[in-house]
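**Student:** From the sequence below, what's the structure:
(one chain, ligands or ions: 1)
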Amino acid sequence: MKLYLVPTPIGNLDDITLRAVNVLKSVDAILAEDTRTSGFLLKHLQISKPLQSYHIFNEHQTVQRVIAQLKAGKTLALVSDAGTPAISDPGFLLVRECIKNDIPVECLPGPTAFVPALINSGLPADRFTFEGFLPHKKGRQTRLTELADETRTMVFYESPHRLVKSLTQFAEIFGPDRPASVSRELTKLFEETVRGSIQEIITYFAEKTIKGELVIVVQGKS
Ligand code: SAM
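**Tutor:** Below you'll find the model as predicted:
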């Protein structure tokens, strides 16, 4: 009886750890955010295991079914599409429920996007706040206002089509001269990190068609 949270690559498939492979080989079944995406990875790793769907849209309903399997003695692994489960991905509810039910939980260390983005930024990494995705509408302005006086480095996940809009809002709240960075396509062929003031980064991306996944890092207030 145990739940493993197993990080999977955020791009480069070589980033899977040996322990992640061994755990995926050892469990009774794998809970996957998207069974098709995880199916490709498992095929690449030559692992054949039953896959069960576990995504954000059914998380509340599925948790109790998963807890019942764990209580029946099964060992399960939770994976997300990319990176570490429960980091801007499903997982938190299940971990909380396992703890409530005295079911052992173990998260393996492994790929996640915010750590390389933070380090690549060159901004202070001794203290930072991970903000994940900002709310799209309701609560967005409140969240940003709360961060106006934040002194720690801030890390945000963002989609490419919202990048310039978000950076423009950041320029209003934090000031256009605040140092920042955008890391795009981490671990992939076209990986890049753009560093500069928020305004310089807006100028860099404004005329471009922005593709791929990205992380924004903003220095805290000095
Ligand atoms: N669980 C993942 C993790 O541990 O990082 C995060 C999943 S979240 C749904 C997806 C977001 O993570 C993307 O919108 C982007 O902000 C970030 N991300 C994931 N892979 C990335 C990559 N290769 N390069 C840059 N950002 C990435």
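**Student:** Are there helices or strands packed against the lowest-mean-pLDDT helix or strand in the chain, and which ones?
**Tutor:** The weakest-scoring helix or strand in the chain, judged by mean pLDDT, DSSP states H and E, is helix 59-71 (a mean of 92). Applying 3 or more Cβ pairs under 8 Å, 6 or more residues apart in numbering; DSSP states H and E, we find helix 59-71 packed against strand 2-5, strand 75-79, helix 92-100. No exception for glycine: its C-beta is placed from N, CA and C like everyone else's.
**Student:** could you dump the ones you listed to TSV with distance to Ile47, mean pLDDT and mean neighbour count?
**Tutor:** TSV is the format used below for those (distance: least, Cβ to Cβ, whole Å; pLDDT from 0 to 100; neighbours: other Cβ atoms under 10 Å):
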stretch	distance to Ile47	mean pLDDT	mean neighbour count
strand 2-5	14	98	22
strand 75-79	10	98	23
helix 92-100	21	97	16
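**Student:** Any chance of these in TSV with distance to Asp149 as columns?
**Tutor:** TSV is the format used below for those (distance: least, Cβ to Cβ, whole Å):
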stretch	distance to Asp149
strand 2-5	34
strand 75-79	36
helix 92-100	27
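**Student:** Using JSON lines, please lay out the ones you listed together with distance to the ligand.
**Tutor:** Shown next, in JSON lines, are the helices and strands packed on helix 59-71 (distance: least, Cβ to the nearest ligand atom, whole Å):
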{"stretch": "strand 2-5", "distance to the ligand": "10"}
{"stretch": "strand 75-79", "distance to the ligand": "10"}
{"stretch": "helix 92-100", "distance to the ligand": "11"}
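**Student:** can you tell which of the ones you listed is closest to Gln199?
**Tutor:** helix 92-100 (35.7 Å; Cβ to Cβ).
**Student:** Quickly list what the closest residue to the ligand within the chain is bridged to.
**Tutor:** The minimum distance from the chain to the ligand, using Cβ to the nearest ligand atom, falls at Gly83 (2.5 Å). Residues in a beta bridge with Gly83, per DSSP bridges, are Thr8.
**Student:** neighbours of Pro111, just the number please.
**Tutor:** By other Cβ atoms under 10 Å, the residues close to Pro111 number 21.
**Student:** Next: Gly73.
**Tutor:** Gly73 has 9 nearby residues by other Cβ under 10 Å.
**Student:** ok, now which ones touch it?
**Tutor:** For Gly73, the contacting residues are Met1, by Cβ atoms under 8 Å, 6 or more residues apart in numbering.
**Student:** redo that, cut-off 10 Å
**Tutor:** When contacts are counted by Cβ atoms under 10 Å, 6 or more residues apart in numbering, Gly73 touches Met1, Lys2, Asp28.
**Student:** Okay, buried residues for stretch 181-195 please.
**Tutor:** Buried residues in stretch 181-195, counted by 16 or more other Cβ atoms under 10 Å: Ser181, Val182, Ser183, Arg184, Glu185, Leu186, Thr187, Thr193, Arg195.
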